[in-house]
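In: Compute the structure for the input listed below.
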Amino acid sequence: MSSEEFVVDSSPPVDGVILFDGIDVGTGYITGSTIRLRLERFYDHHSGIDHYNVGVGSSPDMADVVQLSSYQSNQIDISQKPSDIIDGHTYYVIVQVTWSFQILLYTCIKQTN
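Out: Next comes the predicted model:
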């Protein structure tokens, strides 16, 4: 007979917002080679945030343009190669938040070039 330790957290994590250059909008526009983001209001009353995984995709569920990378800070600059971004196409910033107890929350927002 064996047993495994587990944690019960009765307060769900809160989904935050993604700001482009400090602007709280559903769709952001970029013109350069850097996407500047600030992640706000992601929190959990009991667990806290361990890190963010952030990438860019051509669809809401796949980071196929800029692969997911881990960030400890909520201020994020993503450098992109101009050849990866096509003018006029819609892209998605994908954010995965990992809480201190390794619980994952997924968020996505549109980005138009």
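In: The stretch of helix or strand Val93 belongs to pairs with which strands?
Out: In this assignment (DSSP states H and E), Val93 forms part of strand 90-99. Applying DSSP bridges, strand 90-99 is found paired with strand 49-57 (antiparallel), strand 104-112 (antiparallel).
In: Tell me which residues of it come out buried.
Out: Buried residues in strand 90-99, counted by 16 or more other CB atoms under 10 Å: 91-99. Placement of C-beta: from N, CA and C, glycine included.
In: closest to Val17 among those?
Out: Nearest to Val17 out of the buried residues of strand 90-99 is Val95 (CB to CB; 10.0 Å).
In: so what's the closest one bridging to?
Out: Note on Val95: beta-bridge partners Val54, Thr107, judged by DSSP bridges.
In: ok, it to Val65 distance?
Out: To Val65, Val95 is 14 Å away according to CB to CB, to the nearest Å.
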